[in-house]
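Colleague: predicted model, plus sequence, below.
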Amino acid sequence: MARIFAYIVHKGGVVDDSAFELAAAARKIDAAASPTAILTGWGADLDAACKTLGASYPEIWKIANEALTYPNAELVRKALVKVLPSGGIVLVPHEHFGIDLAPGLSIKMNSAFVSDVLDIVGVEGANLKVVRQEFGGQVSAHVRCDISSGAVVTIRPGAFKAVEITPGGGLVVDKSPDVGTLAAGRRYLETVVAEAGDVDITKYNVLVSIGRGIQEKDNVAIAQELADALGAAVSCSRPVVDAKWMEKSRQVGSSGKTVKPKVYLACGISGSFQHLAGIRGSPFLIAINKNPKAPIFQVADVGIVDDILEFLPELTNKVREMRSVA
Amino acid sequence: MKLELRNSVEVNVEILVCVRRVPDTSENEIELNSAGNDIERDELVYSINEADNYAVEEALQIVARVGGNVTVATVGGEDDEEVLRREMAMGANHGVMISDEAFSGSDGKGIATILKAFVQKGHYDLILTGVQAEDGGAQVGGMLAALLDYPFASLVNSIEVLEGKKLKVSREIAGGNKEMNEIDLPCVLSIQTGINEPRYVGMRGIRQVAAIPIPTFSASDLGLGANAVGETAAKVKRVDYFTPSLGKGAEILRGSREENIDKVLELVAAKGGLK
């Protein structure tokens, strides 16, 4: 069985949750796997991150290089190619860094590539069989990946339950000398922090959240009227921001805000995993969508198959009626 | 009044945008076919992959600011010509069809290998792809860059052309933050949705470009052997489709709309959402 490596994302000395999820994925590929963590970075932050991995990784490969202080994927790729043996299976979290790093890494390692994996069926001969989703999560697919010359696999955040494998492990091996000088045609400049919006959607107990099903900018008012009646705020999913119907500060999801309301009304939202990643604290999730196949119905507590453009105004009227009686 | 230009550089950027025609998930309920080996494609509405359309719009805006040309290319077949025409109607200068029986069954690396061969037939300063296709793996752009040894950036949500064959690009990272990078040309960028507002294309616009010839490149035109691409070269293959079952699923309310509204209000109140 090929050796399995997990690329560890870390920041400020703290490793990302994905570090432990990748260990779980490695064990699903090979129940007897002793996966090796691989970290790049510089200074005390890197050392601190290495120290926290002992419970899940028997061996930790550290690549310290000043050029890797910020994880520029172009430089990280070059460093990894110098250190990783050929034929290995490299696991990478499927988020903004992994998407940047992994496809090119597979080319440079001359290995197979499969992305955004939700589950692992197992190894069958020379093939790794995995589960992916397509068409915004409306259908799943089994995918077979020939791992005879190694593989780079990106793993969906949250899809695997973190495991502890070898308490007392965590031998740190310094691979820095193998790397040498790093340079790339892309240079990190700075991180620009998102602007705060007019409404802080993270502060509300109830969110009326709208998706593509709102259909046009003028219809946002329908959701706002309901939110006003409920004392809630209007949030949204990515397509609404892409279409410039609402500000980015209203977006819930991995590239937007993380919210923890008590009640989340998902209105015309299909329910992509990037959107769901922004909903924390297990709110009561009510989904209204006219597509009965919308993935949001798999995760919602209560679902209604209906057109939000008709349903929401009637709901608003009912709330107002109740308020006037009370 | 001083005109504010986002770019005062005149550099003439030759841009290639790689696009795909995909089933439109906003228009379709995707279902499995009876054999379970594919989705039911008969009734599907196809359109340009959404992120690819943003990439074409971005290319057109760059060329409007600094000069240059936009070529749109797709690896596909006859049916895919409509998306090239659509993007040409938006303003792309050229459309190119890359098509051969030998390409069918290609995995992501196969498609990237085909595109690399095409890129090397011409001179492009900037190559754009959409960040991900509806049925894709967010992979071809990064692979193409690695095959060409060009720098790459993914999830790009703004582009500024700088002096000296460079761009300043921002990448969308967690929490809506932006990672700013400088990147040398030639390079490959994968474009995130929302980077711009793609212009509207009407039937009239599409008719106006209907007669423009679209050259086709075959495997032999690109010097690609049968073993480099297609089914035989593919290390990654879809085995089947199935319906996902995540969690227990929602309790679907099947009452009248009025009954459903009453139930929703009752639940919202019970969960502490009505004060």
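Modeller: On my side now, so go ahead. Numbering: from 1, shown residues only, chains lettered A, B, ... in the order given.
Colleague: how far away is the residue nearest to the spatial centre of chain A from residue A:29?
Modeller: With distances taken as CA atoms, centre = their mean, residue A:157 lies nearest the centre of chain A, 4.3 Å away. Using CB to CB, to the nearest Å, one gets 18 Å for the distance from residue A:157 to residue A:29. No exception for glycine: its C-beta is placed from N, CA and C like everyone else's.
Colleague: return the residues in contact with the residue in the stretch 1-150 of chain B positioned nearest to chain A.
Modeller: The stretch 1-150 of chain B approaches chain A most closely through residue B:142 (3.1 Å), counting by CB to the nearest CB. Counting by CB atoms under 8 Å, 6 or more residues apart in numbering or on different chains, residue B:142 touches A:99-104, A:107, B:152, B:154, B:188, B:190.
Colleague: which of the residues in stretch A:236-252 are buried?
Modeller: Under the neighbour-count criterion of 16 or more other CB atoms under 10 Å in any protein chain shown, stretch A:236-252 has A:236-243, A:245-246, A:248-252 buried.
Colleague: ok now whichever strand or helix holds residue A:78, how far from the chain's centre?
Modeller: Assigned by DSSP states H and E, residue A:78 belongs to helix A:73-83. What separates the centre of helix A:73-83 from the centre of its chain is 22 Å, taken as CA atoms, centre = their mean, to the nearest Å.
Colleague: which of the buried residues of stretch A:236-252 lies closest to residue B:39?
Modeller: Of all the buried residues of stretch A:236-252, the one with the least separation from residue B:39 (CB to CB) is residue A:239, at 21.1 Å.
Colleague: the closest one - that's part of a helix, no?
Modeller: Yes: according to DSSP: H, G, I helix; E, B strand; the rest coil, residue A:239 belongs to a helix.
Colleague: shouldn't it be in contact with residue A:211?
Modeller: Yes: counting by CB atoms under 8 Å, residue A:239 touches residue A:211, with 6.2 Å between them.
Colleague: what about residue A:285, distance to chain B?
Modeller: 8 Å (CB to the nearest CB, to the nearest Å).
Colleague: what bridges to that residue?
Modeller: On the basis of DSSP bridges, residue A:285 is bridged to residue A:264.
Colleague: can you get me a residue count around it?
Modeller: Counted by other CB atoms under 10 Å in any protein chain shown, the residues lying close to residue A:285 total 21.
Colleague: so who does it touch?
Modeller: Applying CB under 8 Å, 6+ apart, we find residue A:285 in contact with A:264, A:266, A:279, A:299-302, B:250.
Colleague: then residue B:175?
Modeller: So residue B:175 contacts A:194, A:255-258 (CB under 8 Å, 6+ apart).
Colleague: pipe the residues you listed into CSV and attach secondary structure, distance to chain B and pLDDT per row.
Modeller: CSV is the format used below for the contacts of residue B:175 (DSSP: H, G, I helix; E, B strand; the rest coil; distance: CB to the nearest CB, whole Å; pLDDT from 0 to 100):
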residue, secondary structure, distance to chain B, pLDDT
A:194, coil, 4, 90
A:255, coil, 5, 91
A:256, coil, 5, 93
A:257, strand, 7, 95
A:258, coil, 8, 95
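Colleague: picking that back up, which of the buried residues of stretch A:236-252 lies closest to residue B:173?
Modeller: Nearest to residue B:173 among the buried residues of stretch A:236-252, with distances taken as CB to CB, is residue A:248, at 12.9 Å.
Colleague: would you mind measuring from the residue at the greatest distance from the centre of chain A to residue B:267?
Modeller: Distance from the C-alpha centroid of chain A, by CA atoms, centre = their mean, peaks at residue A:325 (45.0 Å). Using CB to CB, residue A:325 is found at 19 Å from residue B:267.
Colleague: next: residue A:292.
Modeller: For residue A:292 relative to residue B:267 (CB to CB), the value is 20 Å.
Colleague: next: residue A:262.
Modeller: Counting by CB to CB, the gap between residue A:262 and residue B:267 amounts to 11 Å.
Colleague: next: residue A:265.
Modeller: 10 Å.
Colleague: mind checking how far stretch B:263-272 is from the chain centre?
Modeller: Chain-centre distance of stretch B:263-272: 41 Å, with CA atoms, centre = their mean.
Colleague: ignore what I typed, I meant stretch A:203-223.
Modeller: For stretch A:203-223, the distance to the chain centre is 23 Å (CA atoms, centre = their mean).
Colleague: what comes up buried for that stretch?
Modeller: Within stretch A:203-223, the residues that qualify as buried by neighbour count (16+ other CB under 10 Å) are A:204-215, A:219-220, A:222-223.
Colleague: now it: mean pLDDT?
Modeller: On average, the pLDDT along stretch A:203-223 is 97.
Colleague: just checking it against chain B, any contact.
Modeller: Yes: using CB under 8 Å from any CB of the partner chain, we find that stretch A:203-223 touches chain B at A:205-206, A:212.
Colleague: as CSV, could you dump the C-alpha coordinates of that stretch?
Modeller: Provided in CSV are the C-alpha atoms of stretch A:203-223 (Å, rounded to 0.1, in the frame of the first residue of the first chain):
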residue,chain,number,x,y,z
LYS,A,203,-26.0,39.0,15.6
TYR,A,204,-29.5,37.8,14.7
ASN,A,205,-31.5,34.9,16.2
VAL,A,206,-33.6,34.5,13.0
LEU,A,207,-32.2,34.8,9.5
VAL,A,208,-34.4,34.9,6.4
SER,A,209,-31.8,33.7,3.9
ILE,A,210,-32.4,33.9,0.2
GLY,A,211,-30.8,32.2,-2.8
ARG,A,212,-31.1,32.1,-6.5
GLY,A,213,-34.8,31.4,-6.1
ILE,A,214,-35.4,35.0,-5.3
GLN,A,215,-34.9,35.5,-9.1
GLU,A,216,-34.3,39.2,-9.3
LYS,A,217,-33.1,42.2,-7.3
ASP,A,218,-36.5,43.8,-6.8
ASN,A,219,-37.7,40.6,-5.1
VAL,A,220,-35.2,41.0,-2.2
ALA,A,221,-37.8,43.3,-0.7
ILE,A,222,-40.1,40.3,-0.3
ALA,A,223,-37.6,38.7,2.1
